[in-house]
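Engineer: Structure for this input, please:
(2 chains)
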Amino acid sequence: MIRLERITKIFNKGTIDEKVAIDGITLHVHKGEFVTVIGSNGAGKTTVLNLSSGTFAPDEGDIFIDDSRVTNLAEHRRARYLGRVFQNPLMGTAASMTIEENLAMADLRGQTRTLRWGVTKARRGYYRETLEMLGLGLEHRLKDSVSLLSGGQRQSLTLVMVTLSLPKLLLLDEHTAALDPKTAQLVMDLTQKIVEENNLTTVMVTHNMQQAIRYGNRMIMLHEGRIQYDIQGEEKKALTVEEVVRRFGAKLKDEALLG
Amino acid sequence: MEISSLLRTIPISLEQGLAYGLVAIGIVITFRILAFPDLTVDGSFPLGASVVARLIMEGVPPIYGILMAIIIGFLAGCCTGLLNTKLKINSLLAGILMMTILYSVNLRIMGRSNIQLLTVNTLLTPLENLDVNRFIPIVAFFLLVALCAKLLTDMFLHTQMGFAMRATGDNEQMIRTLGVNTDKMTVLGLGISNAFVALSGALVAQDQGFSDVGMGIGMIVAGLASIIIGEALVGKKTVQRLTLAALIGSIIYKFIISLGLRLGLAPTDLKMATGVMVILALGIPAIKKGKEGKLHLRGI
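Structural biologist: Numbers count the residues shown, from 1 in each chain, chains lettered A, B, ... in the order given. The predicted model follows:
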């Protein structure tokens, strides 16, 4: 699905602030995998997502999606492969536009935008059906501006937008971190449901150890720009917080990780 | 002041308000839709006037002159967009640069600092020769043009491409991850905006009977004042309201200006008065609520 080959990313290269964010990582994510990525602040979690989605290019190494090389492909040209949900609920939707307009934009992920009407009658029915599964009543508010929604509602809408035109790879960037615990749980349940129903290949970055252990079928721990541990299969299923702390406790300086 | 005197300012306010309303629609597209503070307008307005004046003097039918003004205005806007997106020049500075460059370009196009059009046939000549009060056909004409511009803008902003443009101003990161080249949208939006502005310049030159290289000075501020007045009256929640606000605001702005003149305001003080109007409109909410003004803009 997506392959990162010997990737290195250095920020502020050649200056006093030089920082090796990613240090020669090789990571293959296979079709249908749900990978959780955990690590302390500055471990390179978000950088991995940014490199995958093309926010910036690596200094060394290559990135492949389905065997086509995308290392230097601009962000907007990778869009048809990727769906991404950000930590900040405000980032996934256009606030001044309506719910149905946001859905219509997501509907055309990676396609050329023409002078046809943005929202068509036929698609509107489909949007309504899709929103119904959220159970938030948004299906009755298609023409409401997104600025009227709460953070949790906006994050749920972003997830629905991702599923409209199923991407090959779903990137979740601490997408529940900015929500209150109850809403975070709702959004996480929804994520699980969407990923399972569509068999989406997913990479989820999280700050929350319990989340990383509970969800997904593979867990990667990053530390100082390298993959420290890569746990999958039965071993991942049997994993508990206590065990992780026992095995890797020394590296878990960041207490928030255990939250 | 007598009521009759007040009423007499209405036709002229309508005429000018609608003619300059195209500038306000252009500014809505940049400032409001794209959140791009485009200052090209002060140069692209006289650009449209210069192009149409020169071509009419060369014997080109006015309608072709107007089409050419629209095209060249579009290109001028695109240039500002390219300075910003390709050369990474700050949005405000990119507009100032183009505005300055266009001053020379406009002098080149006209070959002098102004061209009189009173004695030649313009697009408006047939309307002015009708056997009715001059204002009726002229106001009707500008109303038609302004409404067409409003409707076309509304329609465009509800197409797939229009959505992408609105999202570029609203949430650039989001629409880029959905596969839109936001640089292209910025360039296109600036082009469309300045095409409207140049069209306005081309029509105003024919309406007032001359083109002058200085006729664009303060156009941005006047346009902003119009938009702010309009939004206060009709709101700004939807695209349709934004464009309507531009037209209505423009008419009321011109009405306030002609009132001011009748009450003894010197014509030379107009730009200061307009500037103060914008400062008050943007500043009062900040003083009241301790919040910043209502203009959300990218790149500054």
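Engineer: Looking at B:D183 now. What's its pLDDT?
Structural biologist: Here, the pLDDT recorded for B:D183 equals 96.
Engineer: In this structure it contacts B:T85, no?
Structural biologist: Yes. Counting by CB atoms under 8 Å, B:D183 touches B:T85, with 3.8 Å between them. For the C-beta atoms, the positions are set from N, CA and C on the backbone; glycine is no exception.
Engineer: ok, longest helix in chain A?
Structural biologist: Assignment by DSSP state H gives helix A:181-198 as the longest helix of chain A.
Engineer: ok, now chain B?
Structural biologist: Of all segments of type helix in chain B, defined using DSSP H, the longest is helix B:182-208.
Engineer: quick one: buried residues of whichever helix or strand comes after that one?
Structural biologist: Scanning forward in sequence from helix B:182-208 by DSSP states H and E, the next helix or strand is strand B:210-212. Neighbour-count burial for strand B:210-212 flags B:211-212 (criterion: 16 or more other CB atoms under 10 Å in any protein chain shown).
Engineer: So which other helices or strands are in contact with strand B:210-212?
Structural biologist: Where contact means 3 or more CB pairs under 8 Å, 6 or more residues apart in numbering or on different chains; DSSP states H and E, strand B:210-212 is packed against helix B:41-57, strand B:114-116.
Engineer: out of those, nearest to chain A?
Structural biologist: helix B:41-57 (22.5 Å; CB to the nearest CB).
Engineer: tell me what that closest one is packed against?
Structural biologist: helix B:3-27, helix B:62-85, helix B:91-110, strand B:114-116, helix B:182-208, strand B:210-212, helix B:219-234.
Engineer: Please identify the most buried of those.
Structural biologist: Neighbour counts (mean count of other CB atoms under 10 Å in any protein chain shown) averaged over each of those peak at helix B:182-208, with a mean of 27.
Engineer: just checking, A:D59 touches A:T8?
Structural biologist: Yes. Counting by CB under 8 Å, A:D59 touches A:T8, with 5.2 Å between them.
Engineer: For the chain, which residues score under the pLDDT cut-off?
Structural biologist: No chain was given, so I picked chain A. Residue ranges of chain A with pLDDT under 70: A:249-259.
Engineer: ah, no, chain B please
Structural biologist: For chain B, the stretches flagged by pLDDT under 70 are B:1, B:290-300.
Engineer: Closest approach to chain A from it, which residue is it?
Structural biologist: Closest residue of chain B to chain A, CB to the nearest CB: B:G179 (3.1 Å).
Engineer: Name all residues that make contact with the closest residue in space to that residue that isn't next to it in sequence.
Structural biologist: Among residues not flanking B:G179 along the chain, A:A79 sits closest, at 3.1 Å (CB to CB, 6 or more residues apart in numbering or on different chains). Neighbouring residues of A:A79 by CB atoms under 8 Å, 6 or more residues apart in numbering or on different chains: A:109-110, B:176-180.
Engineer: of these, closest to B:V41?
Structural biologist: B:V180 (25.2 Å; CB to CB).
Engineer: check which helix or strand covers the closest one.
Structural biologist: Element membership for B:V180 (DSSP H and E) is empty, with no helix or strand holding it.
Engineer: Not counting residues beside it along the chain, what's closest to it?
Structural biologist: Distance criterion CB to CB, 6+ apart; nearest residue to B:V180, sequence neighbours excluded, is B:A164 at 4.4 Å.
Engineer: Check the secondary structure at A:T71 for me.
Structural biologist: Secondary structure for A:T71, judged by DSSP: H, G, I helix; E, B strand; the rest coil, is coil.
Engineer: Go ahead and confirm it touches A:A57.
Structural biologist: Yes. Contact criterion CB under 8 Å: A:T71 and A:A57 qualify, at 6.3 Å.
Engineer: Downstream of the helix or strand in which B:C148 is found, the next helix or strand is which one?
Structural biologist: Take DSSP H and E as the rule and B:C148 turns out to sit in helix B:135-156. Downstream of helix B:135-156, the first helix or strand assigned by DSSP H and E is helix B:160-170.
Engineer: The longest helix of chain B near chain A anywhere?
Structural biologist: Yes. For helix B:182-208, a contact with chain A is found by CB under 8 Å from any CB of the partner chain, at B:T182.
Engineer: okay, the angle between that helix and helix B:160-170?
Structural biologist: Here helix B:182-208 points in a direction 100 degrees away from that of helix B:160-170 (axes from the mean of the first three to the mean of the last three CA atoms, to 10 degrees).
Engineer: Could you list the residues in contact with stretch A:147-157?
Structural biologist: Contacts of stretch A:147-157 with the rest of the structure, by CB under 8 Å, 6+ apart, involve A:85, A:89-90, A:92-93, A:95-96, A:99, A:102-103, A:131, A:134, A:136, A:138, A:141, A:146, A:175-176, A:178-180, A:183-184, A:186-187, A:190.
Engineer: returning to what we had before: which of the helices and strands packed on strand B:210-212 sits closest to B:E231?
Structural biologist: Ranking those by proximity to B:E231 (CB to CB) places helix B:41-57 first, at 18.1 Å.
Engineer: Now do the helices in the stretch 151-259 of chain A.
Structural biologist: Per DSSP state H, counting those that start in this stretch, the stretch 151-259 of chain A carries helices over the ranges A:151-164, A:181-198, A:209-214, A:233-237, A:241-248.
Engineer: Apply the buried test to the contacts of A:A79 and list what passes.
Structural biologist: Burial by neighbour count, 16+ other CB under 10 Å: within the contacts of A:A79 this picks out A:109-110, B:176-180.
Engineer: Buried residues in the helix holding B:C148, which are they?
Structural biologist: B:137-139, B:141-142, B:145-146, B:149-150, B:153-154.
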